[in-house]
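K.L.:
Provide a 3D model corresponding to the input given below.
(one chain, ligands or ions: 1)
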Amino acid sequence: MDKITPIEFNDNKLILIDQRKLFENEEYFVCDSIESVYFAIKDMVVRGAPAIGVAAGYGMYIKALSLDTEDIYAFRSKMQEAADYLESSRPTAVNLTYATRRMMAVINNEWNNVAELISALNKEAVAIHNEDVQANKVIGENMLSLLKNAKSVLTVCNAGILATTAYGTATAAMYLAKEQGKQLSVFACETRPRLQGARLTSYELNKNGVDVTVITDGMVAHVMSKKMVDAVITGCDRVASNGDTANKIGTKNISIIAKRFKIPMYIACPTSTIDLGIKDGSEIIIEERDASEVTHIRGVQVIPSGVKVFNPSFDVTDHDDITAIVTEKGIAFPPYDVTLKVL
Ligand code: MRU
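P.N.:
Now for the predicted structure:
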């Protein structure tokens, strides 16, 4: 695969490919403070649930390095503030709190001194990163086992290399199919307002030789009605105990249309995206982003000034409209309230 490195940690700095600038420019954004990591997540320099989690893990470590105290209690309290701060950057993807809570669990262990604790935090941030790399490929293999006769799949947003650390979640099967010489073509929905499908998914699939066709979000029913899609594969930001799944706005439309045309709807995610702490999708906080994302496309105003705009960034796909949830620990089929627990 062509090397895209969305996240690196070098010399105590977090280096992120700046996803706001893609596809036109491959620029890197360097974070050397927790404030810069917060900004990178909020402004979507780094985006996609697993990538946000990995960035948050390193953000916590960067904060730990900056604290000038030998008092473990003071250290813990400052780090809890740091975790709360990072968690407030984006509310929907559970991977963010998954990472901050793992880092806090390390901090809340017994330690002889702060130096020992900081070294353990480094190991934990690297472990969160490495686990995501490992998970991606296995998710792809598990997904491919469901796609035996599929020739064409549809996806939305970007649940690819850029949103993770390696093969992506939704895209992992696409890359593995390519590596194994299987024909699998991809429809990437444009994904208004921020165009993650048009800008990012097309960029990375095309760069890696996967056959990709971009369609606007309104074309989904048409291509499905023409039997041009054999399966839908999307990523997700949070899975509730009953299998309701939050993902990029528009995913719910796709799931409803897919059901109408009897096309399987597969969700790809690492188990770090599963939140057994919530009963169903009504408990998932849906981020609302700035109106300017809708009123402007890449700096050009497309809606008259003064017109009202609504900009929810995610929606919740009903568990009844999901054929399977594919993780690195196996594939969950309905009833999800039973199967997700035993992954
Ligand atoms: O707002 P974004 O771009 O962070 O939204 C990302 C998505 O909705 C992805 O599909 C999801 O996080 C899964 S990424 C593997």
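K.L.:
out of everything not next to it in sequence, what's closest to whichever residue of the stretch 151-300 of the chain sits closest to the ligand?
P.N.:
Nearest residue of the stretch 151-300 of the chain to the ligand (C-beta to the nearest ligand atom) works out as residue 235 at 2.8 Å. Heads up, the C-betas are built off the backbone N, CA and C, glycines and all. Closest residue to residue 235 apart from its sequence neighbours, by C-beta to C-beta, 6 or more residues apart in numbering: residue 159 at 2.5 Å.
K.L.:
Under a three-state scheme, what state does residue 233 occupy?
P.N.:
Recorded secondary structure, residue 233: strand (DSSP: H, G, I helix; E, B strand; the rest coil).
K.L.:
hey, what's it bridged with?
P.N.:
Under DSSP bridges, the beta-bridge partners of residue 233 are residue 266.
K.L.:
okay, it: pLDDT?
P.N.:
Looking at residue 233, its pLDDT reads 98.
K.L.:
That one touches residue 155, doesn't it?
P.N.:
Yes. Counting by C-beta atoms under 8 Å, residue 233 does reach residue 155; the two are 5.4 Å apart.
K.L.:
re the thing from before, the residue nearest to residue 235 reaches residue 171, doesn't it?
P.N.:
Yes. The pair residue 159 and residue 171 qualifies as a contact (C-beta under 8 Å) at a distance of 6.4 Å.
K.L.:
And residue 255, how far from residue 247?
P.N.:
Distance of residue 255 to residue 247, computed by C-beta to C-beta, to the nearest Å: 9 Å.
K.L.:
Overlap in contacts, the two.
P.N.:
Contact criterion C-beta atoms under 8 Å, 6 or more residues apart in numbering; residues shared by residue 255 and residue 247: residue 317.
K.L.:
Of the two, which one has the most company?
P.N.:
residue 247 (29 against 25; other C-beta atoms under 10 Å).
K.L.:
Pairing partners for that one in the sheet, please.
P.N.:
The partner list for residue 247 in beta bridges (DSSP bridges) reads residue 315.
K.L.:
Does it touch residue 235 like I think?
P.N.:
Yes. Here residue 247 reaches residue 235: they are 6.3 Å apart, a contact under C-beta under 8 Å.
K.L.:
What parts of the stretch 1-150 of the chain come near the ligand?
P.N.:
Contact residues (C-beta under 6 Å from any ligand atom) of the stretch 1-150 of the chain with the ligand: 47, 48, 49, 50, 93.
K.L.:
Filter these down to the ones in helices?
P.N.:
49, 50 (DSSP state H).
K.L.:
Now do the buried residues in stretch 263-276.
P.N.:
Across stretch 263-276, burial judged by 16 or more other C-beta atoms under 10 Å covers 263-275.
K.L.:
In CSV: those residues, plus secondary structure, pLDDT and distance to the ligand.
P.N.:
Below are the buried residues of stretch 263-276 laid out as CSV (DSSP: H, G, I helix; E, B strand; the rest coil; pLDDT from 0 to 100; distance: C-beta to the nearest ligand atom, whole Å):
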residue, secondary structure, pLDDT, distance to the ligand
263, coil, 98, 18
264, coil, 98, 18
265, strand, 98, 14
266, strand, 98, 13
267, strand, 98, 9
268, strand, 98, 7
269, coil, 96, 7
270, coil, 95, 8
271, helix, 95, 13
272, helix, 92, 11
273, helix, 94, 7
274, strand, 96, 13
275, strand, 96, 13
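K.L.:
Quick check: the farthest pair among these?
P.N.:
263 and 272 (27.5 Å; C-beta to C-beta).
K.L.:
Check the residues of the stretch 1-150 of the chain next to the ligand and tell me the two furthest apart.
P.N.:
47 and 50 (10.4 Å).
K.L.:
if we can go back for a sec, what number of residues are in the vicinity of the residue nearest to residue 235?
P.N.:
32.
K.L.:
before we move on, what about the one 10 residues further on?
P.N.:
By the criterion of other C-beta under 10 Å, residue 169 has 32 neighbours.
K.L.:
OK, contacts around the nearest residue to it once chain neighbours are set aside?
P.N.:
Excluding its sequence neighbours, the residue lying closest to residue 169 (C-beta to C-beta, 6+ apart) is residue 268, at 4.0 Å. Residues near residue 268 by C-beta under 8 Å, 6+ apart: 139, 143, 159, 169-170, 172-173, 233-236, 326-327.
K.L.:
Max pairwise distance over those: which two?
P.N.:
173 and 236 (15.0 Å).
K.L.:
show me where the stretch 101-250 of the chain has helices.
P.N.:
114-144, 172-179, 202-207, 220-225 (DSSP state H, counting those that start in this stretch).
K.L.:
Can you give me the buried ones in the second one?
P.N.:
Same thing as helix 172-179. In helix 172-179, counting by 16+ other C-beta under 10 Å, buried: 172, 173, 174, 175, 176, 177, 178.
K.L.:
Name the residues that touch it?
P.N.:
Contacts to helix 172-179, defined as C-beta under 8 Å, 6+ apart, come from residues 1, 136-137, 139-141, 143-144, 147, 153, 167-168, 183-184, 186, 205, 208-210, 233, 268.
K.L.:
List the contacts of the closest residue to residue 66 other than its chain neighbours.
P.N.:
In space, and not counting its chain neighbours, residue 66 is closest to residue 33: 6.9 Å by C-beta to C-beta, 6+ apart. When contacts are counted by C-beta under 8 Å, 6+ apart, residue 33 touches 62, 63, 66.
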